[in-house]
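**Q** Next comes the sequence, and after it the predicted model I'd like to discuss.
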There are 2 protein chains.
Amino acid sequence: MLYSKYCEYSIRALAYLGANSQKKDYLLVKEISDNTNIPCAYLHKIFQDIASNTNWIVSKKGRNGGVTMAIESKKIKMMDIINVCDGVQTIKRCIFGGEKECKQHPTCKMYDNCSYILNEITAFYEKMTLDVIAKMNPF
Amino acid sequence: MLYSKYCEYSIRALAYLGANSQKKDYLLVKEISDNTNIPCAYLHKIFQDIASNTNWIVSKKGRNGGVTMAIESKKIKMMDIINVCDGVQTIKRCIFGGEKECKQHPTCKMYDNCSYILNEITAFYEKMTLDVIAKMNPF
DNA sequence: TTTAAACATTATAAAAAGGTCTTTTTATCC
DNA sequence: GGATAAAAAGACCTTTTTATAATGTTTAAA
């Protein structure tokens, strides 16, 4: 698994939101839940977390409430979402278990050897913005 | 995270075993535990699982017992270990959450788009055999 | 027959995933 | 303007998975 389920849900939910919420119209969490196959209550929690940790979405309580994007889809990369949900160090760590700064074994060449593939993965996540995802019709 | 901690431990432990056990000499689980920073009791369980699911290692009870490699280090790839520990589908699934065969959304181009990077990752794990790892002096 | 080792089983802890119920906010209806 | 209903927010709880610890059992060499 490249990232947690929580993170996977966040990506799917934001992609749907970005693709379907035009400026100033709010989508129901229930609707997003139904269309992305994410448990509704869990999705509430996810949106809460995203709302409090980023400026990506705004939510409105009460009748005609819901959630909507606060910034353009093309400004949010998968990499950003992974960083917010799972932490910055999730991707960029040695596949052997250590950190880049791991000095336990000064002669170890593992990180150097896997940095290539880590960079490839990172580059991929950097170029995958929500609008790029939306164009692939995942819903 | 690219794979579970259980899997990471398995890779580290097998790499150590491959690097340090010559034919017919058994290493103590305790020694491997000490040198790889894996909890000793947990490592026992890992070796048990590996022993019963593969033909990679053999263990010997009693005095002068321990574990040793049953096949050559160069024949075991990281990919094999990931498949045994976390299951075959861990790596090769659409980063958007679905399987390759996911036909929920017939127009979705996500898997096609991420297959390139999935292949890169797979190729990397295929070429990383235990003897290649050992040459990097991770211990 | 003692002892050192893997093997086996059970229990515990922590984290991740998900559910339920109550509260608060807000628009709309009367 | 008050009542009502619809929505997110928030608090708390349950389940599942992952990780680890503890303890006893079996094996085999010295």
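**A** Yep, that arrived. All of these numbers come straight from a predicted model, not from anything done at the bench.
**Q** going forward, measure contacts between C-alpha atoms and count neighbours the same way
**A** Noted.
**Q** Which residue is the nearest non-sequential neighbour of A:V132?
**A** Spatial nearest neighbour of A:V132, excluding adjacent residues (CA to CA, 6 or more residues apart in numbering or on different chains): A:K74 at 7.4 Å.
**Q** can I assume the one you found is in contact with A:K127?
**A** No - A:K74 is beyond contact range of A:K127, at 9.8 Å (criterion: CA atoms under 8 Å).
**Q** Show me what the longest helix seen in chain A is packed against.
**A** Counting by DSSP state H, the longest helix found in chain A is helix A:110-127. Here helix A:110-127 touches helix A:78-86, helix B:110-127, going by 3 or more CA pairs under 8 Å, 6 or more residues apart in numbering or on different chains; DSSP states H and E.
**Q** quick one: contacts of the last one?
**A** By CA atoms under 8 Å, 6 or more residues apart in numbering or on different chains, the list of residues contacting helix B:110-127 from outside reads A:117, A:120-121, A:124, A:133, A:136, A:138, B:77-80, B:91-96, B:100.
**Q** Quick one, which of the residues you listed are buried?
**A** By neighbour count, with 16 or more other CA atoms under 10 Å in any protein chain shown, the contacts of helix B:110-127 hold A:117, A:121, A:124, A:133, A:138, B:77-80, B:91-95 as buried.
**Q** Quick check: of those, which lies closest to DNA strand D?
**A** B:I91 (13.8 Å; CA to the nearest atom of the strand).
**Q** Report the contact partners of the closest one.
**A** Residues counted as contacts of B:I91 (CA under 8 Å, 6+ apart) are A:1-2, B:2, B:118, B:121-122.
**Q** And it, how far from B:K60?
**A** 33 Å (CA to CA, to the nearest Å).
**Q** One more: A:H44?
**A** Distance, A:H44 to B:K60, using CA to CA: 53 Å.
**Q** A:C108 too?
**A** From A:C108 to B:K60 the distance is 31 Å (CA to CA).
**Q** what do you get for A:N37?
**A** Per CA to CA, A:N37 is found 49 Å from B:K60.
**Q** Then A:I46?
**A** A:I46 is 49 Å from B:K60, by CA to CA.
**Q** Of those two, which one has the most company?
**A** With neighbours defined as other CA atoms under 10 Å in any protein chain shown, A:I46 and B:K60 compare such that A:I46 has more, 18 against 13.
**Q** Which residue comes closest to that one once chain neighbours are left out?
**A** A:S10 (6.7 Å).
**Q** burial measure for that neighbour, as a count.
**A** Close neighbours of A:S10, defined as other CA under 10 Å, add up to 23.
**Q** Tell me which residue is most central in chain A.
**A** With distances taken as CA atoms, centre = their mean, the residue of chain A nearest its centroid is A:I81 (2.7 Å).
**Q** Contacts only, for that one.
**A** So A:I81 contacts A:7, A:10-11 (CA under 8 Å, 6+ apart).
**Q** This completes my enquiry, with thanks.
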